[in-house]
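[1] What follows is a predicted protein model with its sequence.
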Amino acid sequence: MSSQDDPDSDPGTEQWSFKTGDWVRSSPTVVDGTVYVGSNDDNLYAVDAATGTEQWSFNTGDRVRSSPTVVDGTVYVGSDDNNLYAITTSSRLENRGIQPSKSAPEMNRSSIPEEPPQVHLEGIEAGTEHIPSLQAVRSPRRRTLSSEDFQTIENLGHGGQAVIKKVRLPDSKTPPEAVALREPAASETMTQEAVEEFFEGAETWRIIDAHEREKQRWERSEHIVGLIDTGDRLPWIAMEYMNGGDLRVLLGEHPDGLPVGQALWVGECVCRGLEIAHQLGRVHLDVKPGNVLLKQTDGWPWPKLADWGLARTLAKETGTMEGLSVEYASPEQFDSGKFGDPDQLTDIYQTGALVYALLTGEPPVTGSPFEVMQQVMSERSFAVPSERRPELPGVVDAAVGLALEQDKTERYDSITEFRKALQAIRTDERLPRAVTTRLGE
């Protein structure tokens, strides 16, 4: 916030400015000397109209782009989390998530639990200048393709019982001229059941990708590998060609961990991709370095999530362990009877393991599949990231540790909350309550 000594000196002169954590797209409402405004950082702010000083903020579950209305001491505002909130404007601040500012002495704070002080970090490069423009990494448009059009350029490898190739599209008048083609490794011997499962995975991928392409809702997200077309009778998926390999390449180049800012940012990107799936009631259940593909840019390689073959709707059984990387698997994926069924919280755990690896060079648990499984399911404690990389601050340990809790109910409530924690650490912004509480324990 900045102000001027004489705000009334000239018309059009800035009196003050108040910085929120993201874009401000709602129209402000001014009542009784207080400005109420929503932000894309998921908060509704109450700001002193005379000084620009924050009085309090209320965190909703998603972006606040509607304009608040104030009637009889209550603020009414909608959020992109599909909720309408009624928030008390007076000193009755028992509402969860309202955080009074020290600059509002007229508020009664006797009933408000104190939070640990905000942690200010030094030495973590936010890396904002390395983040490329979204326009540079947009997925190519969808097209109707025929398998007869494909001309193999090179084999890209195997993944999840599939063969992946880079193929050229002949006589292409519009981009892309090449796509990545994913086919079952032995399509000619596949059972009808296996073919149907392949198409189910392709449909899941198509739905999630289509949702992200609705840019009026997800204009800040470009973290699902674009699906170009799928076979209707033969099992194949033509997807966006990602020319930077996958996260295994970056980990190979940084065996002791990526630059901290980059590691946190990649984690944020993975969380954003999962947010879209979770909004649709879908889960990935196989988040690992090999399933995060990269696109080369002038800055940091841009990550996108691929391989939704293990995804299931939350109402269905989650299938077998086949194809799962045990180093990134959660306890409930080994024993659902003891730890509960895999669900959205499983994706949070796997993303936590991924971020752990990006920060330290290795996942939390290594060894043979049996050794990893036993340790993950036992009463154990992982070495916190700072034990493997001493320059990491304790707030990183807290944020990643929350995602890796053995008990699902002790993890973040949502992948959005985990993403906010990673972003707050990287950019030195206000930490989510769950992280500050853990730091204060």
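    Okay, I see it. Quick caveat: nothing in here was measured; it's all calculated off a predicted structure.

[2] going forward, measure contacts between C-alpha atoms and count neighbours the same way
    Noted.

[3] which residues of the stretch 51-200 of the chain score low on pLDDT?
    Residue ranges of the stretch 51-200 of the chain with pLDDT under 70: 61, 81, 90-123, 159-161, 171-174, 186-189.

[4] Show me where it has its strands.
    54-59, 69-71, 74-78, 84-88, 98-100, 151-159, 162-168, 178-184 (DSSP state E, counting those that start in this stretch).

[5] what's the angle between the last one and strand 162-168?
    Pointing back at strand 178-184 there. Counting by axes from the mean of the first three to the mean of the last three CA atoms, to 10 degrees, strand 178-184 lies at 150 degrees to strand 162-168.

[6] Leu294: helix or strand, and which one exactly?
    Per DSSP states H and E: Leu294 is located in strand 292-295.

[7] following that strand, which helix or strand comes up?
    The element immediately downstream of strand 292-295 (helix or strand, assigned by DSSP H and E) is strand 302-305.

[8] For that next one, name the packing helices and strands.
    For strand 302-305, the packing partners by 3 or more CA pairs under 8 Å, 6 or more residues apart in numbering; DSSP states H and E come out as helix 260-279, strand 292-295.

[9] Ala180: which of those is closest?
    strand 292-295 (11.6 Å; CA to CA).

[10] just checking, what packs against the closest one?
    By 3+ CA pairs under 8 Å, 6+ apart, strand 292-295 packs against helix 247-253, strand 302-305.

[11] Can you get me a residue count around Glu154?
    By other CA atoms under 10 Å, 12 other residues sit near Glu154.

[12] can you tell me how far the residue nearest to it when sequence neighbours are not counted sits from Glu148?
    Spatial nearest neighbour of Glu154, excluding adjacent residues (CA to CA, 6 or more residues apart in numbering): Lys166 at 5.4 Å. The gap separating Lys166 from Glu148 is 15 Å, by CA to CA, to the nearest Å.

[13] what's the burial count for Asp72?
    Asp72: 8 neighbours (other CA under 10 Å).

[14] again, but for the one 10 residues further on
    As a burial measure, the neighbour count of Asn82 was computed by other CA under 10 Å and equals 9.

[15] how near is it to Pro28?
    From Asn82 to Pro28 the distance is 20 Å (CA to CA).

[16] For the helices and strands packed on strand 302-305, could you give me a markdown table that also reports mean pLDDT and distance to Glu379?
    Supplementary listing: these in a markdown table, determined by pLDDT from 0 to 100; distance: least, CA to CA, whole Å:
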| stretch | mean pLDDT | distance to Glu379 |
| --- | --- | --- |
| helix 260-279 | 96 | 26 |
| strand 292-295 | 96 | 30 |
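
[17] Just send the ones you listed back as a markdown table, with distance to Ala238 too.
    Formatted as a markdown table, those follow (distance: least, CA to CA, whole Å):
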| stretch | distance to Ala238 |
| --- | --- |
| helix 260-279 | 19 |
| strand 292-295 | 15 |
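
[18] Mind putting the ones you listed into a markdown table with mean neighbour count?
    Below are the helices and strands packed on strand 302-305 laid out as a markdown table (neighbours: other CA atoms under 10 Å):
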| stretch | mean neighbour count |
| --- | --- |
| helix 260-279 | 23 |
| strand 292-295 | 23 |
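
[19] Of the ones you listed, which is nearest Ser325?
    strand 292-295 (13.4 Å).

[20] Name the residues that touch the closest one?
    Contact with strand 292-295 is made by 137, 225, 242-247, 270, 301-306, as judged by CA atoms under 8 Å, 6 or more residues apart in numbering.

[21] Return a selection command, for use in PyMOL, containing the buried ones of these.
    In PyMOL, this line selects whichever of the contacts of strand 292-295 come out buried by 16 or more other CA atoms under 10 Å:
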select buried, resi 137+225+242+244+245+246+247+270+301+302+303+304+305+306
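
[22] re earlier: give me the neighbour count for the residue nearest to Glu154.
    The burial count assigned to Lys166 is 23, neighbours taken as other CA under 10 Å.

[23] show me what contacts the spatially most central residue of the chain?
    Centrality entry for the chain: nearest residue to the mean C-alpha point is Cys271, 1.5 Å, by CA atoms, centre = their mean. If a contact means CA under 8 Å, 6+ apart, then Cys271 has 351, 415-416, 418-419 as its contacts.

[24] Of all pairs in those, which one is the farthest apart?
    Across the contacts of Cys271 (CA to CA), the longest gap, 11.8 Å, separates Thr351 and Thr416.
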